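Undergrad: predicted model and sequence follow; I will ask about them next.
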Amino acid sequence: MRRCAPPSLSGFLLFLAVLPQTAVLSGSSSDGTAGAVLGREAEEASLVIPEPSGTACSVILDAALRDSPLSPWVLMLARPGDTLSISLAELAASPFCVEGPGGFTTTTGNAITGTWAGISLPDLLLQWAGLEDDHSLTFAADDGYRMAFSGREILDRSQGTWILAMLRDGTPMPAAMGLVRAIKVGPSTPMVDGHLSVQRLSRISITGVPAQPYAIAMRGRMQIDVDRQTLQSCASCHGARVRVASGTDSSEYWGVPVFRLLAFSDDSLYAPHRQDSAIRSYRQDLAISGYSLEVGDADGRRVRLDSRDLDGEDGVILALYRDGLDLEDDATPALLVVPKEEGAQPDSATILPKVRTMTLDLP
């Protein structure tokens, strides 16, 4: 991995002269004041992004992207009480341009590799927010896809550096490749799961709340622990929303239709994606023939569902979000939502919080 080119000393100092480890890019907050640095103790500091300086790194990105559909794109950074919009030209003028080999694996198992050039995310986020290991970040794409990371995952450079890539092999990425995407680069050509390589990345949100790892234990013909980021990817790609009323109030839950999760354990060869996208990812033939799915929570409670009722049903979900926000602590990591049957009494929806296991009783 190498820097695209050494930036000019004056441009570098504009970024780092105030406080090398704790400086904050200037941004607007809801009350018009600068937001506080998250976690790291520091003096108040304002860090101004320079105008494009004509450095070699700036020239590389500007020349390659001048006629790209990416030109009007901006990156929004957000933290409690503070937001900042950064244009392509401003990023190109930064001293954080990095180039190196890396790649990602698609859901069908194909490896996409190349030499990627873009902006070092650890450096950018350290400067703007004093990013620390126990912070939580959400990468959001302009199509609604989102993925959560811990600060530790972004700051750890032992296997490579996360960058906001704009070029692949010296040319702008086409729309099919996402135009701009998060990817890891380094001397060892690090590979990441495709669902972590967020394409069309347009917003990075940071909170001081630690990101908690978790997994749902899927048990059937395959034994697979489905982690937080895999579930978030499923929700972003195949998610469904269900509104549940309780008295005079109602809440909207967003998550993964349960029938799609059957694919992790209903087959002894594929989990969950098959090589031909025309084939359903789950064993619909088994679902139609009928078997029991037992969903269990952290306290030992169990709910049994019939696969015939789940087949193709978007209304029964494993929810990760409620009313657009992460679930409360007493509901995490996920919440089973089974809406009431037509004609049933009000408030008769089944809600099972703290889901930890899903066991398929297959024939």
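TA: Received the coordinates, thanks. Numbers count the residues shown, from 1 in each chain.

Undergrad: Asp326 versus Arg181, what's the distance?
TA: To Asp326, Arg181 is 24 Å away according to CB to CB, to the nearest Å. Placement of C-beta: from N, CA and C, glycine included.

Undergrad: for Glu252, give me its contacts.
TA: Shown in contact with Glu252 (CB atoms under 8 Å, 6 or more residues apart in numbering): 241-243, 322-324.

Undergrad: buried members of the residues you listed into ChimeraX, please.
TA: Per 16 or more other CB atoms under 10 Å, the buried members of the contacts of Glu252 correspond to this ChimeraX selection:
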select :242,322
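
Undergrad: show me which of the contacts of Glu252 is closest to Leu335.
TA: Arg322 (7.6 Å; CB to CB).

Undergrad: so the closest one bridges to which residues?
TA: Tyr253, Leu325 (DSSP bridges).

Undergrad: need the contact list for it.
TA: Per CB under 8 Å, 6+ apart, neighbours of Arg322: 251-254, 328, 331, 335.

Undergrad: any idea which element the residue lying closest to Ile86 once chain neighbours are set aside lies in?
TA: Distances taken as CB to CB, 6 or more residues apart in numbering place Leu75 nearest to Ile86, at 4.8 Å, with adjacent residues excluded. For Leu75, the host element (DSSP states H and E) is strand 74-79.

Undergrad: farthest pair in the contacts of Glu252?
TA: Val242 and Gly324 (13.6 Å).

Undergrad: how about low-confidence regions in the stretch 51-200 of the chain?
TA: 51-71 (pLDDT under 70).

Undergrad: now the strands for it?
TA: Under the criterion DSSP state E, counting those that start in this stretch, the stretch 51-200 of the chain carries strands at the ranges 74-79, 82-87, 97-105, 111-120, 136-141, 146-150, 161-168, 171-172, 181-185, 191-193.

Undergrad: can you list those strands in TSV and add mean neighbour count and distance to Ile279?
TA: Listed next are the strands of the stretch 51-200 of the chain as TSV, based on neighbours: other CB atoms under 10 Å; distance: least, CB to CB, whole Å:
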stretch	mean neighbour count	distance to Ile279
strand 74-79	19	37
strand 82-87	18	42
strand 97-105	22	19
strand 111-120	20	21
strand 136-141	20	26
strand 146-150	20	26
strand 161-168	25	30
strand 171-172	16	34
strand 181-185	26	27
strand 191-193	16	21
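
Undergrad: turn these into TSV, columns for distance to Asp266.
TA: Compiled in TSV, these are given as follows (distance: least, CB to CB, whole Å):
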stretch	distance to Asp266
strand 74-79	39
strand 82-87	44
strand 97-105	22
strand 111-120	26
strand 136-141	29
strand 146-150	25
strand 161-168	34
strand 171-172	41
strand 181-185	31
strand 191-193	21
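
Undergrad: domain-wise, how is the chain divided?
TA: 2-207, 215-361 (automatic domain parsing).

Undergrad: tell me how far the residue nearest to the spatial centre of the chain lies from Leu231.
TA: For the chain, Met147 is the residue whose C-alpha lies nearest the centre (CA atoms, centre = their mean; 1.1 Å). Relative to Leu231, Met147 is positioned 10 Å away (CB to CB).

Undergrad: same check, this time on Tyr145
TA: From Tyr145 to Leu231 the distance is 13 Å (CB to CB).

Undergrad: and for Asp330?
TA: Distance from Asp330 to Leu231, by CB to CB: 18 Å.

Undergrad: is Leu164 bridged to anything, and to what?
TA: According to DSSP bridges, beta-bridge pairing links Leu164 with Ile119, Ala182.

Undergrad: now do the contacts for it.
TA: 75, 91, 118-119, 121, 124, 180-182, 201.

Undergrad: give me that answer again for 10 Å
TA: Taking CB atoms under 10 Å, 6 or more residues apart in numbering as the criterion, Leu164 is in contact with 75, 86, 91, 96, 98, 116, 118-121, 124, 139, 180-183, 198, 201, 204.

Undergrad: confirm that Ser236 sits in a helix.
TA: Yes - counting by DSSP: H, G, I helix; E, B strand; the rest coil, Ser236 is found in a helix.

Undergrad: is it true that it touches Ala140?
TA: Yes - taking CB atoms under 10 Å as the definition, Ser236 is a contact partner of Ala140 at 9.3 Å.

Undergrad: so for those two, which residues contact both of them?
TA: 146-147, 198.

Undergrad: so which of those comes closest to Gly296?
TA: Of the shared contacts of Ser236 and Ala140, the one sitting nearest to Gly296 (CB to CB) turns out to be Met147, at 26.2 Å.

Undergrad: give the bridge partners for that closest one, please.
TA: As for beta bridges, Met147 partners with Phe139 under DSSP bridges.

Undergrad: got the contact list for it?
TA: So Met147 contacts 137-141, 182, 195-198, 201, 228-230, 232-233, 236 (CB under 10 Å, 6+ apart).
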